[in-house]
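Colleague: Return a 3D structure for these sequence lines:
(one chain, ligands or ions: 1)
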Amino acid sequence: MAETGHECMRTHYSKEITPELNGEEIIIQGWIHEIRDLGGIVFLLLRDRDGITQVTAPSKKVEGELFKQIQGLKKESVITVRGIVQESAKAPGGVEIIPIMIRVLNESKLPLPLDTTEKVRAEIDTRLDSRFLDLRKHNVSSIFKIKSRMLHSVRMFFEKNGYIEINTPKLVASATEGGTELFPITYFEREAFLGQSPQLYKQMMMSSGFDKVYEIAPIFRAEEHDTLRHLNEAISIDLEAAFCNHEDVMVLLEQMVVNALKDVKEHCTQELETLGVDLEVPELPFERVSYDDAVDLVNSKGVAMHHGEDLSRAAEKALGEIKDGYYFITQWPTDIKPFYVMHSDEDPAKSCAFDLMYRDLEVSSGAKRVHLHDILVEKIKNKGLNPDSFNRYLAAFEYGMPPHAGWGLGAERFTMCITGVHNIRETVLFPRDRRRLTP
Ligand code: AMO
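Modeller: Numbering: from 1, shown residues only. Got it, this is the predicted structure:
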């Protein structure tokens, strides 16, 4: 019978229970991971956020009523166990708990829609349908602990370097990025869209005198295609810095990446081990490959690519076969980059844009921006867009806009690089893709 009250408080998480606690009375709380009744002895594995503790109930040591209660417990029910720590060479972690009292806080329904042990592999769709159960598995929750640590270290890095966190609107009037479609929404009596990128707002903040800003927030992209690397809602880590050029912000980006990798390696040892990842921290600086050289590399792998084209999936794969770690692709053709990207002074057909790649995956893109009003208007027109629909943005360029540069890095793609998972959906608690809007 489950209880409505909750008077016992946990004294230890599983990973805090060590042989040094031998003989001490403790309270643990969590889910019943597995229960094995061998007649004279019942083994119960209790799982909490950090690990698994074995509760051992020999009929000779445990009082009769309690023993019967343990035998009747159901997998995945939520329980509190009060018991004595006992050193045991055979138990996981070298300790087991001899129970004195067990409270059922909530009983689980059986059968479960999804197995919560890591032994049984299920299809990703089945797992995502029952994501709350899927996340109980430590190999799944480890990805999110790593993502959380990565985001923490990114924030710390920005703060240390004098960046101010901003929050920009996600309900917007117009597009910023070419290529992907927008999600239209009804905004009272008119049409609006979900923001694809904080691009225009972070640039306007440069005219506001904030100098160095960052934002970590959702972006919405109406990608029609269903791939292992695209989401319809993703988290973008965005940065913009005034009085800087593209090279300055590339240095910042590579430093931030290395800093995050070091930090995750140091603080997520258990999670990386659970995932079987030996995280490599690359040397700085990352290699810079010009767009023209990248095209030649792609062609050298037998994948046809003309100068002036964007990287196709086949081209990315070809590069991934040659490049093993992180590298930049620089000097992209101006024509295939958005209107806000500055062209090179030496050759206007080339832009001051860059992408950061990890093997065959684009993780970030950025650029030096156009800060001169008339050139920006010209570029908007060249893209077939109407400058009138950008008038509030353009106004920020007429009254003292400093030169500036910035980038956007996909938090999920970066998490893929760190954890080694191949499907981007693995890095989102409740992913939004072409077919999925629930849970
Ligand atoms: P871009 O469109 O290249 O650039 O996006 C920047 C980074 O965001 C991530 N990303 C995505 N991740 C998952 N699913 C998607 N559909 C998706 N779309 C983008 C990628 C990508 O590299 N405004 C510019 C950035 C800038 O110049 O500051 C922009 O949005 O990791």
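
Colleague: C-alpha from now on. contacts and neighbour counts both.
Modeller: Fine.

Colleague: Run through the helices of the stretch 1-150 of the chain in chain order.
Modeller: Assigned by DSSP state H, counting those that start in this stretch, the helices in the stretch 1-150 of the chain fall at 64-71, 124-129, 131-134, 138-160.

Colleague: Throw the ones you listed into TSV and include distance to Val257, mean neighbour count and mean pLDDT, thanks.
Modeller: Output for those, formatted as TSV (distance: least, Cα to Cα, whole Å; neighbours: other Cα atoms under 10 Å; pLDDT from 0 to 100):
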stretch	distance to Val257	mean neighbour count	mean pLDDT
helix 64-71	49	15	97
helix 124-129	29	15	97
helix 131-134	29	18	98
helix 138-160	8	19	98
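
Colleague: and of those, who's closest to the ligand?
Modeller: When the helices of the stretch 1-150 of the chain are compared by Cα to the nearest ligand atom, helix 138-160 sits nearest the ligand, at 14.2 Å.

Colleague: Domain boundaries for the chain, per the record?
Modeller: Here the domain parsing of the chain from automatic domain parsing is 14-106, 134-427.

Colleague: Poorly predicted segments of the stretch 51-200 of the chain, please.
Modeller: Residue ranges of the stretch 51-200 of the chain with pLDDT under 70: 175-180.

Colleague: residues from it in reach of the ligand?
Modeller: Within the stretch 51-200 of the chain, the positions near the ligand by Cα under 6 Å from any ligand atom are Ser197, Gln199.

Colleague: Run through the strands of the stretch 51-200 of the chain in chain order.
Modeller: Using DSSP state E, counting those that start in this stretch, the strands of the stretch 51-200 of the chain run over 52-58, 78-87, 95-106, 164-165, 171-172, 184-187, 190-194.

Colleague: measure Glu87 to the ligand for me?
Modeller: Look at Glu87 and the ligand: by Cα to the nearest ligand atom, to the nearest Å, they are 47 Å apart.

Colleague: Run a quick neighbour tally on the closest residue to that residue other than its chain neighbours.
Modeller: Nearest in space to Glu87, with sequence neighbours left out and distances taken as Cα to Cα, 6 or more residues apart in numbering, is Val95 at 4.5 Å. A count of neighbours around Val95, defined by other Cα atoms under 10 Å, yields 23.

Colleague: Please apply the same query to Lys119.
Modeller: Neighbours around Lys119, by other Cα under 10 Å: 7.

Colleague: ditto for Asn391
Modeller: Residue crowding around Asn391 was assessed by other Cα under 10 Å; the count is 11.

Colleague: can you tell me how far it sits from the ligand?
Modeller: Going from Asn391 to the ligand by Cα to the nearest ligand atom gives 18 Å.
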